[in-house]
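Visitor: Using only what follows, build the 3D model:
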Amino acid sequence: MQRERGGLCGILFDKDGTLVDFDRTWGPAAHAVMATLTGGDRGRFEDLMRVSHYVEAERRFLPTSPLLAGASSIYGPLWARVLGRPAGPKLYAEMDRLFREAALRSLHPIGAPADLLAHLAAGGYALGIATNDAEASARAQSAVLGLMPHLGFLAGYDSGHGAKPEPGMVLAFAAHLGVDPSRVALVGDTPADTQAARAAGAVAIAVLSGPAGEGARETMAALADHVIGSIDDLPALLAEIEGAKTQG
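Guide: Sure thing, here's the model as predicted:
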């Protein structure tokens, strides 16, 4: 079943903070990766935590962390300076590999994303993921969580469409579906997500399930078309949007 009407027909999800619990997944993973890269050098380990805005005792990132919405190519230069290594694809590929392996060991979903995606797919929505994580990592996590059967599109920062807040992933998803971007919604927890959606001309749906939590409501309300607590609230919002479209 595919949606042929003029309303939304495609839902593009951010991954971390939207489908995947950011702190429970990436907090432990980051600790493991930083320990590996610093090789027991406590001074460098503490410097990595400082530039990453990471709280070791709680194994989590502060809302100001450059890792929350940034690809390794974005925060990688910060790490490179601390590690005394050249910034560039070789280091970033190593970081991506280490994070992919570590995150799979601590992977925690938000709610039951496989059930939600199955429900949306049964309702005729085309589904995809747009993440600033590496594509290989996103595919590995999606496979473990049982999301792949419901996805027709998946892009990471290294998939050739650019990274959010650039609109490339959203535009590529719309092109994949053969529809105008206005018929696509991007669901995400950071300003990078809402900015990517708006830049592409898509509908921006913000969720408050990321590290910033309820404290991000005011900020996200100013940037998004709709704000919901988590993906659990998405079906009701989509029904509301459909109803408004029908009445209009």
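
Visitor: residue ranges for the helices of this structure, please.
Guide: For the chain, the helices defined by DSSP state H occupy 22-38, 42-52, 72-83, 89-105, 113-122, 135-144, 168-177, 191-200, 217-223, 234-247.

Visitor: export these to JSON lines and tack on distance to V184?
Guide: In this view, the C-beta of every residue, glycine as well, is placed from N, C-alpha and C. JSON lines is the format used below for the helices of the chain (distance: least, CB to CB, whole Å):
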{"stretch": "helix 22-38", "distance to V184": "24"}
{"stretch": "helix 42-52", "distance to V184": "32"}
{"stretch": "helix 72-83", "distance to V184": "24"}
{"stretch": "helix 89-105", "distance to V184": "27"}
{"stretch": "helix 113-122", "distance to V184": "13"}
{"stretch": "helix 135-144", "distance to V184": "18"}
{"stretch": "helix 168-177", "distance to V184": "5"}
{"stretch": "helix 191-200", "distance to V184": "8"}
{"stretch": "helix 217-223", "distance to V184": "17"}
{"stretch": "helix 234-247", "distance to V184": "12"}
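
Visitor: Pretty sure T25 sits against R105.
Guide: No - look at T25 against R105 with CB atoms under 8 Å: they stay out of range, at 9.4 Å.

Visitor: Any regions of this structure where pLDDT drops low?
Guide: When residues are selected by pLDDT under 70, those of the chain lie in 1-6, 69, 245-248.

Visitor: Count the residues that sit near D232.
Guide: 16 (other CB atoms under 10 Å).

Visitor: Sorry, slip of the keys, the one I care about is G43.
Guide: For G43, using other CB under 10 Å, the count is 9.

Visitor: Next: the one 10 residues further on.
Guide: When neighbours are defined as other CB under 10 Å, H53 has 15 of them.

Visitor: show me what contacts it?
Guide: By CB atoms under 8 Å, 6 or more residues apart in numbering, H53 lies in contact with F61, L62, T64, S65, P66, L67.

Visitor: The same query, at a cut-off of 10 Å, please.
Guide: Neighbouring residues of H53 by CB atoms under 10 Å, 6 or more residues apart in numbering: R60, F61, L62, P63, T64, S65, P66, L67, L68.

Visitor: Over to T36?
Guide: Contact analysis of T36 by CB under 10 Å, 6+ apart lists E94, M95, L98, E101, A102.

Visitor: G213 too?
Guide: The contact partners of G213, by CB under 10 Å, 6+ apart, come to G17, D23, P63, D189, G229.
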